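Participant: Here's a sequence, model it:
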Amino acid sequence: MSATAEVLTSPAARRYVESLRGPYRDDHVRLEPSGCVLLSKVTADVHRILDFAVRPDDVWLVTFPKSGTTWSQELIWLLMNNCDVEQAKQVPLIHRFPFLEITSLMPEFTRNMPHSIDHVERMVSPRLIKSHLPLDQLPKQIKTVKPKVIYVVRNVQDAIVSFYHHYQLWGDCDLTLDQFAECFMDDLIMYCPYWDHVLPFWNLRNEPNVLFYSYEDMKKDLASVIRRVAIFLQKTITEKQVAQLVDYLSFDKMRDNPAVNYDPVVEQLRADYKLQPLPSSTKFMRRGQVGEGKQVLSEDIQRRLRQWTEAALQGSDYTGPR
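Facilitator: So this is what the prediction gives:
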């Protein structure tokens, strides 16, 4: 299976790229075999990622961006490490649970660290690995070695709103929220197409090595999700520990935990690109709400998103958040 990359050159794609300031201001390409859109700089490592050696005892966390990734990373790490919250506070999450393609995507992020792929390759088992790549752009051995894979999904409207603010955090984007949503539906945004990301993992949800849950599940009943993940990882956890983790993983405590936030990195990157400093109230973890999309996207965009979603899900048995 070969990998190719085609630069997006349509007028809409060019307008979108020209609206960006900061590390995401780069040609966007459509990668094959997945059809995933990413920055052109990622293409240097596409084959290396596809050929990456997977281990049977790996634990992979895969999400579309802004779907509860950091929240789930911390939950999984704690379950894999005897709920050691003191150790979790002392070591940044990026070292404990690395992001496979981050150096390929944003080399400035890891300027004082090894290449993220090198980091993961050298880790002692069992490795905890995060990625936002869709199934067909992940290492080919995911399908044959069958490590544990956890996939987290989020309501698409809320994911769009959160991703838009993520763009405004790491750089600047001159688009309005509605314009960003249009680009999202047109598959111009990084890691899109959205439903092509979600559905392949949904279709694997009953495989014994795959666990599929939603951001909304975590918000509704975090304790139940903790128990589900513990069973999936074959880790014993007491009800006292469940209660401790629910408290430790609360949004307010996560937002104020420097080990799981990237606020200093954001500040440095914005300075590197000569962007205006952000208000002190602007944080990597912003609001964490369910249903925000319905509050801030226009009625017309919400209507179009519903139509777009129904078309994408036609013929699917998907019953998760949409």
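Participant: Let me know the distance separating the spatially most central residue of the chain from residue 221.
Facilitator: For the chain, residue 65 is the residue whose C-alpha lies nearest the centre (Cα atoms, centre = their mean; 3.1 Å). Residue 65 sits 24 Å away from residue 221, going by Cβ to Cβ, to the nearest Å. Backbone N, C-alpha and C define where each C-beta goes, glycine included.
Participant: before we move on, back to that, secondary structure of the residue nearest to the centre of the chain: a strand, I assume?
Facilitator: No: with DSSP: H, G, I helix; E, B strand; the rest coil as the criterion, residue 65 is located in coil rather than a strand.
Participant: quick one: what helix or strand has the residue of the chain most remote from its centre in it?
Facilitator: Of all residues in the chain, residue 240 has its C-alpha farthest from the mean position, at 29.6 Å, by Cα atoms, centre = their mean. In the assignment (DSSP states H and E), residue 240 maps to helix 239-248.
Participant: what sits up against that helix?
Facilitator: 75, 78, 83, 85, 222, 223, 226, 227, 237, 253 (Cβ atoms under 8 Å, 6 or more residues apart in numbering).
Participant: any idea how far the fifth one is from residue 257?
Facilitator: Here the distance between residue 222 and residue 257 works out to 16 Å (Cβ to Cβ).
Participant: Show me the strands in the stretch 201-322 of the chain, by range?
Facilitator: Using DSSP state E, counting those that start in this stretch, the strands found in the stretch 201-322 of the chain span residues 210-214.
Participant: Tell me where it has helices.
Facilitator: 215-220, 222-232, 239-248, 251-255, 263-272, 292-296, 299-313 (DSSP state H, counting those that start in this stretch).
Participant: just checking, what packs against the second one?
Facilitator: What that stands for is helix 222-232. Under the contact definition 3 or more Cβ pairs under 8 Å, 6 or more residues apart in numbering; DSSP states H and E, helix 222-232 sits against helix 69-80, strand 148-153, strand 210-214, helix 215-220, helix 239-248.
Participant: now for the helices of the stretch 201-322 of the chain, which one comes closest to residue 39?
Facilitator: helix 263-272 (14.4 Å; Cβ to Cβ).
Participant: Touching the closest one from outside, list them.
Facilitator: In contact with helix 263-272 (Cβ under 8 Å, 6+ apart) are residues 22, 23, 108, 109, 169, 170, 171, 276, 277, 278, 283, 284.
Participant: and the fifth one, what helix or strand is that in?
Facilitator: What that stands for is residue 169. Following DSSP H and E, one finds residue 169 within helix 156-170.
Participant: quick one, that helix and helix 299-313 angle?
Facilitator: 110 degrees (axes from the mean of the first three to the mean of the last three Cα atoms, to 10 degrees).
Participant: ok, and what's touching helix 156-170?
Facilitator: Helix 156-170 has contacts (Cβ under 8 Å, 6+ apart) with 20, 22-24, 64-67, 106, 154, 173, 175, 177, 180-181, 184, 189, 194, 215, 266, 269-270, 278, 282, 284, 286, 289-294, 296-297, 302, 305, 309, 321-322.
Participant: and the nearest residue to the residue nearest to the centre of the chain once chain neighbours are set aside, backbone torsions?
Facilitator: Closest residue to residue 65 apart from its sequence neighbours, by Cβ to Cβ, 6 or more residues apart in numbering: residue 132 at 5.2 Å. Backbone torsions for residue 132, taken as degrees, to the nearest 10, come to phi -100, psi 10.
Participant: quick one: contacts for residue 58?
Facilitator: 125, 126, 127, 128, 129, 145, 147, 148.
Participant: hmm, 6 Å instead?
Facilitator: 127, 147 (Cβ atoms under 6 Å, 6 or more residues apart in numbering).
Participant: Which pLDDT does the model give it?
Facilitator: The score at residue 58 is 98. That number is its pLDDT.
Participant: With residue 112 instead?
Facilitator: 86.
Participant: Near it, how many other residues are there?
Facilitator: 5 (other Cβ atoms under 10 Å).
Participant: what do you get for the one 4 residues further on?
Facilitator: The local packing count at residue 116 equals 24, with neighbours defined by other Cβ under 10 Å.
Participant: Which element, helix or strand, includes the closest residue to it other than its chain neighbours?
Facilitator: Leaving aside its sequence neighbours, residue 116 sits nearest to residue 103 (Cβ to Cβ, 6+ apart; 4.2 Å). Element membership of residue 103, judged by DSSP H and E, is helix 102-105.
Participant: Correct me if wrong: residue 69 contacts residue 63.
Facilitator: Yes: with contact defined as Cβ atoms under 6 Å, residue 69 reaches residue 63; the gap is 4.6 Å.
Participant: Would you mind telling me which of the two has more residues around it?
Facilitator: residue 63 (25 against 21).
Participant: so what's that one bridging to?
Facilitator: Legend: beta-bridge partners of residue 63 under DSSP bridges are residue 152.
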